[in-house]
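**Q** Fold the following and give me the result.
(2 chains)
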Number of protein chains: 2
Amino acid sequence: METTYFNITPVDTSIYETIQHKIDHKTKPLGALGDLESIALKIGGIQHTTTPSLDKPTIIVFAADHGISKDNEVNAYPQEVTTQMVYNFLNGGAAINVFCKQNDIALKIVDAGVNHDFKEAPNLINAKIDLGTKNMVHEPAMTTDQYQQAIKKGAELVEKEFNNGCNTIGFGEMGIGNTSSAALLMSALTGIDISACVGAGTGLDRNRIANKAAILKKVQQKHFIDNAEDIMTSFGGYEIAMIAGAILKSSELKMVTLIDGFIVTAALLFAQHINENVLDYSIICHQSGEQGHRKMLEHLERHAVINLGLRLGEGTGVAIAYPIINAAVNFLNEMASFESAGVSGKQ
Amino acid sequence: METTYFNITPVDTSIYETIQHKIDHKTKPLGALGDLESIALKIGGIQHTTTPSLDKPTIIVFAADHGISKDNEVNAYPQEVTTQMVYNFLNGGAAINVFCKQNDIALKIVDAGVNHDFKEAPNLINAKIDLGTKNMVHEPAMTTDQYQQAIKKGAELVEKEFNNGCNTIGFGEMGIGNTSSAALLMSALTGIDISACVGAGTGLDRNRIANKAAILKKVQQKHFIDNAEDIMTSFGGYEIAMIAGAILKSSELKMVTLIDGFIVTAALLFAQHINENVLDYSIICHQSGEQGHRKMLEHLERHAVINLGLRLGEGTGVAIAYPIINAAVNFLNEMASFESAGVSGKQ
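**A** Numbers count the residues shown, from 1 in each chain, chains lettered A, B, ... in the order given. Below is the predicted model:
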């Protein structure tokens, strides 16, 4: 499957005027619901209706390991934490489990390439490309074939949810070392110097952040980049490539696409590089505490729904922001208008 | 009832260390849940437990009219909109109805002094002090007796919810003209010049904001202020005084007290003036789009949970932020620890 396969049409904005009229006639001062109004407009546009609905909201968490994390130089936690956290997801003990349960969001866990052979589990989707990527300090993280497999698999998983009646999908990730991948993707895709893309990840101190930046600078110099595929095969993670494929597919299917923090936004940047129209379907749910995320959002000229200093990944920013997105749809559908409620307008 | 009657003890912070230990051993990097962690700590402190719970969350919306709004100089909408919106609340068509329904929050509507005689309605609480305040351009908004009635009534209504099993309470308001009251209270209580306290309210343009500021400056000069009571009797609204009484009582009862935007924060400033300890029990749910609210938060040295540019009142900021506050409690209670999940710590 070629990434150019995705047929993503821009959102038809001809309906915006009708939706805005509906918003402006609700029993509230003009603009008084702030960002909820722009979210309602965006979702109405995606679904091309003045009565949108969020059906079977689902978060897919993609987990994978990274060759670079074996040296324990760029990551605060050892590589085996990826495996341990997948078990934690399966047992319902992680933050994403708690928040999805609270907000009635279906949760799927995908092994995109964790360095562990999981037994079959009813709530684990096996999409393993390999037992972690290669160490990009020495060689490309993945082959072209693996990259294409990952894109295809991400798309397939989304299509399956879509066929099951889901029209609102969010993405999360788990992968010790993946802020390094995301920082390199960000630098390659935005032109921002790598030192400004590197952050604390799960909790490096100042010296270790500087060391991480120096290592990633060397990685950057080592690889020859000619096109999008080179960027992902050199620096990628399987989970990030799979999320990129998932975003491309959910946009093609005109699904409301909910973007989490630094890693998932790196996948969005990559998907945008393939097809600019993905931005029409994406809502950035939160601004991460990982310092590079703010710069990503500035680059995308996008504003996140919430900014709570979360820096956990797993899709937690999506799960926490979801009730706000739901509220935007609900006010559009359920609030009375000035006419229906008999309320006087502005004088 | 004297306001000094309230016996509000500071939160006993001796439990913070135990709660923080529990937070820090959850399966996440230290601090990775950002503001959710500080909210969890605060609520654990209020309830003095490592397993807090939010029981029967309730929003009370206090509605009242303002004498100053009859001239249509300081308000964008005519005074009768207060009455019309109360009917809209009772019929379930307002934004606060939609958001409370979505988030399973009980909603109570209180007539604190609307300029209309409502028939009895099962979901309307009659606490009417009068048919709106007097016009503070010419005379004090209320009498000392009315002020004391309002404080007492707000406290009684909260105590009733508490006795019914509620431990988490938020306040909202409706009252055409009440940003003028709130701006004057803010200026008197913080020392900030009135011109910096005045904003667009429900949608005044630049010239009308300047006119509003000029009128309020004259109001300020007209009244002699010697103490807290003078501030509220001169500039108050019945709904604002009642909310101040409600905040004092919910703090005394160690309830999690959820503060909405500009108007409710003005009531909080007043309650704080009576008893500083109310801040220990209050969570500022959102930062309003009304420009003075940011300055109020700076004065209080408090940070709001969300900042979505909402400027509707009604308690909508509380209702929208509530799932985030709930998420803070849920992660503290439900997430696995590193030990229980068998996840390795930081290296």
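**Q** OK, contacts around the closest residue to chain B within the stretch 101-250 of chain A?
**A** Here the residue of the stretch 101-250 of chain A nearest chain B is residue A:202; by Cβ to the nearest Cβ that distance is 4.0 Å. Where C-beta positions appear, they are placed from N, C-alpha and C, glycine not excepted. By Cβ atoms under 8 Å, 6 or more residues apart in numbering or on different chains, residue A:202 lies in contact with A:75-77, A:176, A:179, A:311, B:29, B:32, B:346.
**Q** The closest residue to it other than its chain neighbours: how many residues sit nearby?
**A** Nearest non-adjacent residue to residue A:202, counting by Cβ to Cβ, 6 or more residues apart in numbering or on different chains: residue B:29, 4.0 Å away. Residues near residue B:29, counting by other Cβ atoms under 10 Å in any protein chain shown, number 20.
**Q** Residue B:29 in helix, strand or coil?
**A** Classification of residue B:29 by DSSP: H, G, I helix; E, B strand; the rest coil places it in coil.
**Q** What ranges in chain A fall below the confidence cut-off?
**A** A:1-4 (pLDDT under 70).
**Q** And the helices in it, which stretches?
**A** Under the criterion DSSP state H, chain A contains helices at A:16-24, A:35-47, A:80-90, A:95-102, A:144-163, A:178-190, A:194-197, A:206-222, A:228-235, A:238-252, A:262-274, A:292-300, A:316-334, A:338-341.
**Q** Tell me the residues on the stretch 151-300 of chain A that lie near chain B, please.
**A** Residues of the stretch 151-300 of chain A found near chain B (Cβ under 8 Å from any Cβ of the partner chain) are A:202-203, A:289.
**Q** Adding distance to residue B:253, write those residues out as TSV.
**A** Below are these laid out as TSV (distance: Cβ to Cβ, whole Å):
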residue	distance to residue B:253
A:202	40
A:203	39
A:289	35
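**Q** which one of the residues you listed is nearest residue B:284?
**A** Lowest distance from residue B:284 to these (Cβ to Cβ) belongs to residue A:289, with 20.2 Å.
**Q** Now for that closest one, how many residues are close by?
**A** 22.
**Q** That one and residue A:310 touch, don't they?
**A** Yes. In this structure, residue A:289 is within contact of residue A:310 by Cβ atoms under 8 Å, at 6.3 Å.
**Q** what do the two both touch?
**A** Joint contacts of residue A:289 and residue A:310 (Cβ under 8 Å, 6+ apart) are B:32, B:34.
**Q** Count the neighbours of the residue lying closest to residue A:149 once chain neighbours are set aside for me.
**A** The shortest distance from residue A:149 to any non-neighbouring residue, by Cβ to Cβ, 6+ apart, is to residue A:129 (5.7 Å). Neighbourhood size, residue A:129 [other Cβ under 10 Å]: 23.
**Q** Contact partners for residue A:53?
**A** Residue A:53 makes contacts with A:47, A:167, A:329, A:333, as judged by Cβ under 8 Å, 6+ apart.
**Q** ok, now residue A:185?
**A** Contact analysis of residue A:185 by Cβ under 8 Å, 6+ apart lists A:231-232, A:235-236, A:240, A:266-267, A:269-270.
**Q** try 7 Å this time
**A** A:231, A:235-236, A:240, A:266, A:269-270 (Cβ atoms under 7 Å, 6 or more residues apart in numbering or on different chains).
**Q** Take these and write them to CSV, including neighbour count and distance to residue B:216.
**A** Below are those laid out as CSV (neighbours: other Cβ atoms under 10 Å in any protein chain shown; distance: Cβ to Cβ, whole Å):
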residue, neighbour count, distance to residue B:216
A:231, 21, 58
A:235, 31, 58
A:236, 31, 59
A:240, 30, 55
A:266, 33, 50
A:269, 21, 49
A:270, 29, 53
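**Q** ok, back up a step: what's the separation between the residue of the stretch 101-250 of chain A closest to chain B and residue B:30?
**A** Counting by Cβ to Cβ, to the nearest Å, the gap from residue A:202 to residue B:30 is 9 Å.
**Q** same deal with residue A:142?
**A** As for residue A:142, its distance to residue B:30 is 31 Å (criterion: Cβ to Cβ).
**Q** Near residue A:31, how many other residues are there?
**A** A count of nearby residues for residue A:31, using other Cβ under 10 Å, gives 17.
**Q** Chain B: which of the contacts of residue A:53 is nearest?
**A** Of the contacts of residue A:53, the one sitting nearest to chain B (Cβ to the nearest Cβ) turns out to be residue A:333, at 8.4 Å.
**Q** Looking at residue A:142 and residue B:30, which one has more neighbours?
**A** Applying other Cβ under 10 Å to residue A:142 and residue B:30 shows that residue A:142 carries more neighbours, namely 26 against 15.
**Q** Would you enumerate the residues in contact with that one?
**A** Neighbours of residue A:142 in contact, by Cβ under 7 Å, 6+ apart: A:133, A:233, A:236, A:238.
**Q** mind redoing it with 8 Å?
**A** Taking Cβ under 8 Å, 6+ apart as the test, what residue A:142 contacts is A:129-130, A:133-134, A:150, A:232-233, A:236, A:238, A:241.
**Q** Name only those of those that count as buried.
**A** Among the contacts of residue A:142, the ones that count as buried by 16 or more other Cβ atoms under 10 Å in any protein chain shown are A:129-130, A:133-134, A:150, A:232-233, A:236, A:238, A:241.
**Q** would you turn these into CSV with distance to residue B:260?
**A** Formatted as CSV, these follow (distance: Cβ to Cβ, whole Å):
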residue, distance to residue B:260
A:129, 49
A:130, 52
A:133, 48
A:134, 53
A:150, 46
A:232, 46
A:233, 51
A:236, 45
A:238, 45
A:241, 44
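**Q** For residue A:51, see how far away residue A:97 is.
**A** Residue A:97 sits 32 Å away from residue A:51, going by Cβ to Cβ.
**Q** Could you check which of those two is surrounded by more residues?
**A** residue A:97 (23 against 11).
**Q** rewinding a little: I'd like the contacts of residue A:53 as CSV, with distance to residue B:106 and neighbour count appended.
**A** CSV is the format used below for those (distance: Cβ to Cβ, whole Å; neighbours: other Cβ atoms under 10 Å in any protein chain shown):
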residue, distance to residue B:106, neighbour count
A:47, 32, 21
A:167, 31, 21
A:329, 22, 22
A:333, 22, 14
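**Q** What is the nearest of these to residue A:56?
**A** residue A:167 (7.3 Å).
**Q** Would you confirm that that closest one contacts residue A:56?
**A** Yes. With contact defined as Cβ under 8 Å, residue A:167 and residue A:56 form a contacting pair (7.3 Å).
**Q** Tell me, how many residues neighbour the closest residue in space to residue A:154 that isn't next to it in sequence?
**A** Once flanking residues are discounted, residue A:154 sits nearest to residue A:245: 3.0 Å by Cβ to Cβ, 6+ apart. Other residues near residue A:245 come to 29 when the count uses other Cβ under 10 Å.
**Q** Spit out the contact partners of residue A:245.
**A** Neighbouring residues of residue A:245 by Cβ under 8 Å, 6+ apart: A:3, A:150-155, A:158.
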